[in-house]
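S.K.: Sequence first, predicted model second:
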Amino acid sequence: MTNANPYIIRRIQLDEWHQAEPAAPENSMRYYCSYWWKKIPLGHLFIEQHERHDGEGWQKRIWEAIAAAIDFYQKKSDVEAGTLYPLFLQRNYAAFNEAMNRLFAGYTDRQLPEIADVSVIICTRNRSRDLHRCLHSLFAQSCLPSEVIVVDNAPTDDSTYSVVKQFPGVIYHKELRPGLSIARNAGVRLAASPVIAFTDDDVVLHPLWVYYVQESFATPQVGAMTGLVIASSLNTESQQLFEKQYSFNRGYCDKLYDKTYFNAGLATGPRVWNIGAGANMAFRRSVFNTAGFFDERLGAGAAGCSEDSELWYRILAREYSIYYNPRAIGFHEHRKEVNALKRQVFSYMRGHAAAALIQQSQIREAGYRRYLYRMIFKSCMPLLIKRFFQPDERKMILIQLHGIFSGILFFVRNKNKPSQTSPF
């Protein structure tokens, strides 16, 4: 892989444009711009070198990035559809701001409680610097969680405990058995709140994250939620490749995944992995009594990943719904090194294939065997032939194929093992 120039991360506040538009990006630089109205994310743009950043065409491009979110919020407000675009295009920011303030009044004018009845679990292993940043962002929340639990998973030193001691009230638990699912299940057993949220140690949380996690469970039928994950840096080629091809970002509009979504995809295998990312998710505590805990054959330290989406699968199968809330935001630090990304992609595909077959074994009608067949022979193989003389892309495709076949073999070897082991 060749070296790539970094993307400069810019957060653009549209509510401040009436004072002064942000300086146009320099033509010689690359940018990743996210667009916000106050604390509400609306969209993003990748801006490459030597792109034009002025005139009506540029305004249109920004609007295209935020149009889906604006349309979503307009449908829930008294602001007439179609009124905002011409104001934005003409740079009539006084009228635009007035309309946008009305559009988002229900979100920006809320009184927040001091504490939300949410247990936050962070599973970690030997990444004390990342953990410190994550905990610092958690204790800077506008609405604090009622409980924070750090599960130290099979550590080789006491660095995690040293960090936890710096944050009064955090519950520390050392889980000697390795595996992310084992660590997450240990956290669930310790948690006391009716909502149990998970984030990763390499995530920095938006100040309103805890509040919006709790708000996502306002409807009793919601059994789980996921939130928006935004890249915190795109300095290296590895980070850029991950964000463009394997991104955790699921968009800027609310989505509800329910039994209808589940049944519509059953014949070809419900695409539960599209629901969100384990770095930003939460569950109603009672769901674990109904759907069970995380499958300990999956996740880091076992098959590789997909312990989150496999649980979402069981939740939907039991007719709960899952709510994607883009206002619950985490900023994720992607892997910086290409070799680390390659290992990550292999693990993802290995866990993905193993989880698909586990899900197939739970519901016979689910079409995950056909899904894996199509992924191998209708997607990866033709793409491998097409990209055969492009070494970097060829290698990534081969890594994915290796991961898929390894995941199938993992399932065959472990299909009769229990999904949870005794914590004692």
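M.R.: Received the coordinates, thanks. Note that this is a predicted model, so its numbers are computed, not measured.
S.K.: Now do the lengthiest strand in the chain: which elements does it pack against?
M.R.: In terms of residue count, the longest strand belonging to the chain (DSSP state E) is strand 321-332. If you count contacts as 3 or more CB pairs under 8 Å, 6 or more residues apart in numbering; DSSP states H and E, strand 321-332 packs onto strand 40-47, strand 203-205, helix 209-215, strand 222-231, strand 255-257, strand 280-284, helix 307-317. Glycine gets a C-beta too; all of them are placed from N, C-alpha and C.
S.K.: got the phi/psi numbers for the closest residue to residue 162 other than its chain neighbours?
M.R.: Spatial nearest neighbour of residue 162, chain neighbours left out: residue 128 (6.8 Å); criterion: CB to CB, 6 or more residues apart in numbering. With angles defined as degrees, to the nearest 10, residue 128 sits at phi -70, psi -40.
S.K.: Shouldn't residue 160 be within a strand?
M.R.: No. Counting by DSSP: H, G, I helix; E, B strand; the rest coil, residue 160 is not found in a strand; it is helix.
S.K.: So what's the residue count around it?
M.R.: If you count neighbours by other CB atoms under 10 Å, residue 160 ends up with 24.
S.K.: next one: residue 119
M.R.: By the criterion of other CB under 10 Å, residue 119 has 24 neighbours.
S.K.: what packs against the strand or helix carrying residue 59?
M.R.: Residue 59 is part of helix 55-74 when elements are defined by DSSP states H and E. The criterion is 3+ CB pairs under 8 Å, 6+ apart, and the helices and strands that helix 55-74 contacts are strand 30-37, strand 40-47, helix 84-89, helix 93-103.
S.K.: Now do that helix, average pLDDT.
M.R.: Helix 55-74 shows a mean pLDDT of 93 in the predicted model.
S.K.: ok, residue 211 - contacts?
M.R.: By CB atoms under 8 Å, 6 or more residues apart in numbering, the contact set of residue 211 is 112-113, 116, 141-143.
S.K.: Could you report the pLDDT at it?
M.R.: The predicted structure scores residue 211 at 98 on the pLDDT scale.
S.K.: ok, back up a step: just the angle between the longest strand of the chain and strand 40-47, please?
M.R.: Between strand 321-332 and strand 40-47, the angle comes out at 60 degrees (axes from the mean of the first three to the mean of the last three CA atoms, to 10 degrees).
S.K.: helix or strand right after strand 321-332?
M.R.: For strand 321-332, the succeeding helix or strand toward the C-terminus, using DSSP H and E, is helix 338-362.
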